Every structure is written in C-alpha cells, then in structure tokens.
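**Student:** what would the 3D arrangement of this be:
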Amino acid sequence: MSIKRMSIALLSAVVLLAACSRPKPAEETASPQPVEPSYAQEAVSYSLDTTTLNGYVAYNQTDSAKRPGIIVVPEWWGVTDYVKTRANELAKLGYVALVADVYGNGKTADNPTDAGALATPFYQNPVLAKARIDAAIAKLKTYSQVDTTKIGAIGYCFGGGVLLNTARLGNADLDAVVSFHGTLMGGVPAKKETLTARILVCHGNADPLVPAKEVDAFKKEMDAVGATYTFKAYDSAQHAFTNPGATELGKKFNMPISYNAAADSASWDEMKKFLADALK
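**Tutor:** Residues are numbered from 1 along each chain as shown. Got it, this is the predicted structure:
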C-alpha cells in the first residue's frame with residue numbers, strides 16, 4: 001500500500017473512532033431515577049416537668065429540605081394506631097407529623113369509662129392540656145427538617161376540643177388548627193389578642209354530642225373576636241366520622257359514633273387545602 005493510501009486509511013479510522021466516542025445528545029442520555037422516599041415512622045419520647053410523654057413521629061427522611069410541622073392530637077383513646085396512621089399520611093403530604101401524648105406515659109384506653117377518666121382532667125383544666133400541646137410543639141421544633149416558622153395542628157374528637165382551647169389560650173408558634181368532630185365550647189373564653197391561629201372545624205351535622213346550639217355558640221364566639229375560621233359541616237355524619245373503627249366501637253359500647261367515608265374523604269381534602277394555604 002502506498003504512503004498516500006495508508007494516510008487516507010488512518011485518517012478514516014480516526015474519524016470513525018471520534019464519531020463512535022462522541023457524547024450522546026442530551027435527549028439520548030438516560031435521566032437520573034428519582035429517589036424513592038424513605039419514611040421515618042417511630043416512637044418518640046419527650047417530657048414536661050416530671051412527666052414522660054410518649055408520642056410518635058413520621059416524616060420523609062430522604063428529603064433534607066425544611067417543611068412545616070404538624071402536631072396530631074388523638075381522640076380520648078390516646079395514642080392509638082389510628083392517629084399514627086394519620087401522622088403517616090401527613091408525612092406523605094410533605095409534613096413532619098408528631099402525635100402528641102396528652103395523657104403522659106403513653107396511656108391509652110379501650111373502653112369509654114377508662115377513656116373518660118383519662119380525658120376528664122384535661123377537659124376540666126384546659127391550661128394543663130395546653131401545656132402538653134406546647135411540649136409537643138417544642139419537641140417537633142427540634143427536628144432539623146421542620147420549618148419552625150410554620151407549625152400547625154390537627155385533632156380528633158377530644159383532640160379537636162383540646163386544640164381549640166389551646167388556640168383560645170394562645171401559642172405564638174401555632175399558625176393553624178384543624179378540629180375533626182371535636183367539642184367546640186371548652187370553657188375558655190376566646191380573646192382577640194390571644195386567638196391568632198387560623199381555624200378549620202370539620203363537623204358532623206348528625207353529631208348528637210355536639211348539638212346545633214353548641215355550633216351556634218361557637219360561631220358567635222369566633223365572630224365576636226374576629227377569628228379567622230372556616231366551618232365545614234357534613235350531612236349524615238356522626239361523631240368520630242373519620243375513624244374507620246368508630247362504627248364497631250359505637251355498637252360495642254352503645255355510643256352515637258360511626259364512620260362516614262364520604263365525610264372522612266371530604267374533610268381530609270379540606271384539611272389539605274387549609275394547611276397548604278395557612279402554612280405556605
């Protein structure tokens with residue numbers, strides 16, 4: 001082969017090699033796979049004075065970004081699997097959720113008599129109940145993922161009433177409160193200077209434990225102090241309408257409580273919109 005032909009062949013080989021090794025266009029490059037979220041779902045202990053409080057926390061531990069924190073206050077049964085499930089759902093919505101142990105030492109009840117005995121001191125002394133909520137908020141704020149300027153709380157039945165009283169008494173850290181089928185009038189007078197949290201109440205129109213006269217009194221109280229609140233009522237919904245286990249408990253203990261899937265879904269959607277706006 002002549003030197004000229006050898007040079008042409010060598011040049012062709014170099015061109016071919018360069019063509020084969022050039023980077024692929026952006027559209028041909030495989031996109032990085034999104035990281036699947038990993039959720040922390042674990043027991044948490046904190047304290048108030050000499051009382052140990054045993055709650056539960058849930059959050060996306062894959063994401064290090066700051067996000068709002070939500071306190072979850074249980075029904076009068078205490079820290080049960082039901083409220084832990086709600087905390088897990090809040091974590092999937094992008095919050096850090098902490099279930100508050102209001103009773104202390106993780107106490108729970110499996111019947112109305114014991115539940116009433118546990119709840120009564122906090123019904124009678126809203127300041128004591130508020131102190132337990134304040135302790136839970138303080139613990140929530142220790143998590144590095146929490147944006148401490150955006151704190152909300154949701155509560156069920158007993159927990160809803162506790163939160164409304166906490167809002168009345170005032171907590172500068174608490175921006176938004178949601179009550180699901182909670183008691184409305186807790187013996188604490190609302191004051192304009194202390195009730196600064198935005199409020200969403202999700203109420204069952206068929207709830208004999210929270211009658212229409214209590215609803216009217218609540219609305220008048222909120223209007224009188226210029227509170228920022230939203231009241232949502234659901235037809236045919238009884239007390240405890242968000243808890244799938246309520247119907248069975250109602251039959252077992254002859255209590256006027258039952259699950260209502262439509263009201264559960266609608267109130268959860270209302271909560272999502274409310275928290276997204278209040279904590280944005």
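
**Student:** what's across from residue 51 in the sheet?
**Tutor:** Here residue 51 sits in beta bridges with residue 48, going by DSSP bridges.

**Student:** how about the helices in the stretch 151-280 of the chain?
**Tutor:** Secondary structure of the stretch 151-280 of the chain by DSSP state H, counting those that start in this stretch: the helices cover 158-169, 212-224, 246-253, 261-278.

**Student:** which one of those has the most crowded surroundings?
**Tutor:** helix 158-169 (a mean of 27; mean count of other Cβ atoms under 10 Å). To be clear about C-beta, it is placed using only N, CA and C from the backbone, and glycine gets the same treatment.

**Student:** so who does residue 111 touch?
**Tutor:** residue 253 (Cβ atoms under 8 Å, 6 or more residues apart in numbering).

**Student:** swap in residue 79?
**Tutor:** Contacts of residue 79 (Cβ under 8 Å, 6+ apart): 54, 55, 56, 99, 101, 106, 108.

**Student:** the third one belongs to a strand, doesn't it?
**Tutor:** What it means is residue 56. Yes: the assignment for residue 56 by DSSP: H, G, I helix; E, B strand; the rest coil puts it in a strand.

**Student:** bridging residues for it?
**Tutor:** Applying DSSP bridges, one finds that residue 56 bridges with residue 43, residue 99.

**Student:** report pLDDT for residue 16.
**Tutor:** Here, the pLDDT recorded for residue 16 equals 40.

**Student:** pLDDT check: weakest of the contacts of residue 79?
**Tutor:** Lowest confidence among the contacts of residue 79: residue 106, with 95.

**Student:** adding neighbour count and distance to residue 197, write the contacts of residue 79 out as CSV.
**Tutor:** CSV is the format used below for these (neighbours: other Cβ atoms under 10 Å; distance: Cβ to Cβ, whole Å):
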residue, neighbour count, distance to residue 197
54, 18, 26
55, 25, 21
56, 23, 23
99, 27, 19
101, 28, 21
106, 15, 27
108, 15, 27
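
**Student:** any chance of the residues you listed in CSV, plus distance to residue 73?
**Tutor:** Below are these laid out as CSV (distance: Cβ to Cβ, whole Å):
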residue, distance to residue 73
54, 14
55, 10
56, 12
99, 8
101, 10
106, 15
108, 14
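
**Student:** nearest to residue 128 among the residues you listed?
**Tutor:** residue 101 (13.5 Å; Cβ to Cβ).

**Student:** mind checking how far the closest one is from residue 85?
**Tutor:** 16 Å (Cβ to Cβ, to the nearest Å).

**Student:** now residue 57
**Tutor:** Distance check for residue 57 against residue 85: by Cβ to Cβ, it reads 14 Å.

**Student:** show me where pLDDT drops low in the protein?
**Tutor:** 1-33 (pLDDT under 70).

**Student:** could you give the number of residues near the nearest residue to residue 38 once chain neighbours are set aside?
**Tutor:** Closest residue in space to residue 38, ignoring its immediate chain neighbours: residue 62 at 4.8 Å, by Cβ to Cβ, 6 or more residues apart in numbering. Neighbourhood size, residue 62 [other Cβ atoms under 10 Å]: 11.

**Student:** residue 62 is in contact with residue 91, isn't it?
**Tutor:** No: Residue 62 is beyond contact range of residue 91, at 11.1 Å (criterion: Cβ atoms under 8 Å).

**Student:** output stretch 47-65 as CSV - backbone C-alpha positions only.
**Tutor:** Only the C-alpha atoms of stretch 47-65 are listed here, as CSV (Å, rounded to 0.1, in the frame of the first residue of the first chain):
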residue,chain,number,x,y,z
SER,A,47,-41.0,15.3,78.8
LEU,A,48,-42.8,18.1,80.7
ASP,A,49,-41.6,18.7,84.2
THR,A,50,-41.6,15.1,85.7
THR,A,51,-44.0,13.6,83.2
THR,A,52,-42.7,11.4,80.3
LEU,A,53,-44.7,11.8,77.1
ASN,A,54,-44.6,9.0,74.6
GLY,A,55,-45.7,10.1,71.2
TYR,A,56,-45.0,9.1,67.6
VAL,A,57,-43.3,10.9,64.7
ALA,A,58,-43.4,10.4,60.9
TYR,A,59,-41.6,12.3,58.1
ASN,A,60,-39.7,11.7,54.8
GLN,A,61,-36.1,11.2,55.9
THR,A,62,-34.9,11.1,52.3
ASP,A,63,-35.6,14.8,51.9
SER,A,64,-33.5,17.3,53.9
ALA,A,65,-35.5,20.3,52.9
